[in-house]
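# pasting a predicted model and its sequence here:
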Amino acid sequence: MNAPALHEDEVAAPVPEPGRAPGSAIAGATHAVAAGAPNNFDVIRMIAATGVLVSHSFPLHSNRPDPLQLVMHGIPIGEIAVNVFFVVSGYLVCQSWTSDPTLWRFLVRRALRLCPALYAAILISVFVAGPLLTSLPQAQYWRSPLTWENLRGFGIFGVRGSLPGVFEHSFYPFAFNGPLWTIRIEAACYLILAACGLVGMLRSRLFTVVIAVAFTLGYLGMLGDPPRYQAILILNMDMLSLFRLAALFFAGAAFFMCRALVPRLPLLALLVLPGLVAVSATPFFPLAFQVAFPYAVLCLALTPTRWLSQYGRLGDYSYGMYLFAWPVQQTVMQAGGGQFSLLSYIAVCFAITFTLSFASWHLLEKYALSKKPRSRGGTAGELPSLGA
């Protein structure tokens, strides 16, 4: 029976610990995820993608906050879910680089994961959904510069989330696919990690931890004046969000580099969320979250369970869920979804979104990933991840 995929990167052999000879074995699954080792990455990412859909359902359907916002002082389920993606991505993408530190292969693999489904989503939005859903006359829709600006998303950092005349009466007017903003930050994290790898910083546990700490301290420093840093844009990314998510990404990378030194205590990991809820109103919360949350996510991901570890054999639908959920939810609302109960609305949106993500994986993403370049050892080097 085949073990589930690691999503981001499947290595042909355990990655040596920093400072150890390449041929030396890494003792025990406690310290590393070897190729094919059972893990919960797949199911955790699918839960996170579903969490984003559920979280957005509350404001889109009823214009009210989701339940977690009420107990964590404004932090929604969707934000927690996006944080999960970045922590997991940092761990697995760092594993990818250390298993094959060749820039062109690394970038091609990242592009093959991030771009095909994203490009399909952009094309469907502009040329199919947009013309069908816009309130503008067709000629005006096609003449609008905003329509064609969406094609800048092919450059990743130009990704947009709005179309002219589409969803103008929604609780989030004109937001066709708002969550796409995280794709830019995901790509930026790939490039920063590759740059660090090229200069040799990923050969050392210490340097990797320093990178994570630097982004964390930068983010914490910005919390003194959030609007100021949200107004500073770098390649269409606001600085506050960039530092916050990069801190989580590199926390995941640091966990990978230090995996032999970090004990995994699943019971402690399960206590992290209620513990964070308990301190969410205190000044200690931002630092506590940046430290404890990545540990909890990766501890649970690396502690296989009999049934959850098998989920990945079914396919990787989390990226498609993330890409298609928001436009599906907006469309259902425009088609009369407000007449449904909230639970019925969530169920309908999940069913439609999962169908699209199923098709995206089996018709597009899986094929694209089969074309990823092979490493010097002859292995393909990785399996899929969420860009996002």
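Received, thanks.

# show me where this protein has its strands.
Remark: strands assigned in the chain by DSSP state E are 233-234, 237-238.

# helices of the stretch 101-250 of the chain, residue ranges please.
Using DSSP state H, counting those that start in this stretch, the helices assigned to the stretch 101-250 of the chain run over residues 103-124, 130-133, 138-143, 145-149, 181-198, 205-222, 226-230, 239-257.

# just the ones you listed: most buried one?
helix 239-257 (a mean of 25; mean count of other Cβ atoms under 10 Å). In this view, the C-beta of every residue, glycine as well, is placed from N, C-alpha and C.

# tell me the angle of that helix relative to helix 205-222?
Put simply, helix 239-257 runs at 160 degrees to helix 205-222, going by axes from the mean of the first three to the mean of the last three Cα atoms, to 10 degrees.

# CA atoms only for helix 239-257, dumped as PDB, please.
The C-alpha trace of helix 239-257 is given here as PDB (Å, rounded to 0.1, in the frame of the first residue of the first chain):
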ATOM      1  CA  MET A 239       4.200  45.000   4.100                       C
ATOM      2  CA  LEU A 240       2.300  44.000   7.200                       C
ATOM      3  CA  SER A 241       0.700  40.900   5.500                       C
ATOM      4  CA  LEU A 242       4.000  40.100   3.800                       C
ATOM      5  CA  PHE A 243       6.000  40.000   7.000                       C
ATOM      6  CA  ARG A 244       3.200  38.200   9.000                       C
ATOM      7  CA  LEU A 245       2.900  35.300   6.500                       C
ATOM      8  CA  ALA A 246       6.600  35.200   5.700                       C
ATOM      9  CA  ALA A 247       7.300  34.800   9.400                       C
ATOM     10  CA  LEU A 248       5.000  31.800   9.500                       C
ATOM     11  CA  PHE A 249       6.500  30.400   6.300                       C
ATOM     12  CA  PHE A 250      10.000  30.600   7.600                       C
ATOM     13  CA  ALA A 251       8.900  29.300  11.000                       C
ATOM     14  CA  GLY A 252       7.900  26.200   9.000                       C
ATOM     15  CA  ALA A 253      11.300  26.200   7.300                       C
ATOM     16  CA  ALA A 254      13.100  26.500  10.600                       C
ATOM     17  CA  PHE A 255      11.100  23.600  12.000                       C
ATOM     18  CA  PHE A 256      12.300  21.500   9.100                       C
ATOM     19  CA  MET A 257      15.900  22.400   9.600                       C
END
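
# returning to what we had before: can you redo the helices of the stretch 101-250 of the chain as JSON lines with distance to Y319 and mean pLDDT?
Compiled in JSON lines, the helices of the stretch 101-250 of the chain are given as follows (distance: least, Cβ to Cβ, whole Å; pLDDT from 0 to 100):
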{"stretch": "helix 103-124", "distance to Y319": "6", "mean pLDDT": "94"}
{"stretch": "helix 130-133", "distance to Y319": "22", "mean pLDDT": "94"}
{"stretch": "helix 138-143", "distance to Y319": "28", "mean pLDDT": "96"}
{"stretch": "helix 145-149", "distance to Y319": "23", "mean pLDDT": "92"}
{"stretch": "helix 181-198", "distance to Y319": "10", "mean pLDDT": "96"}
{"stretch": "helix 205-222", "distance to Y319": "24", "mean pLDDT": "96"}
{"stretch": "helix 226-230", "distance to Y319": "26", "mean pLDDT": "95"}
{"stretch": "helix 239-257", "distance to Y319": "16", "mean pLDDT": "97"}
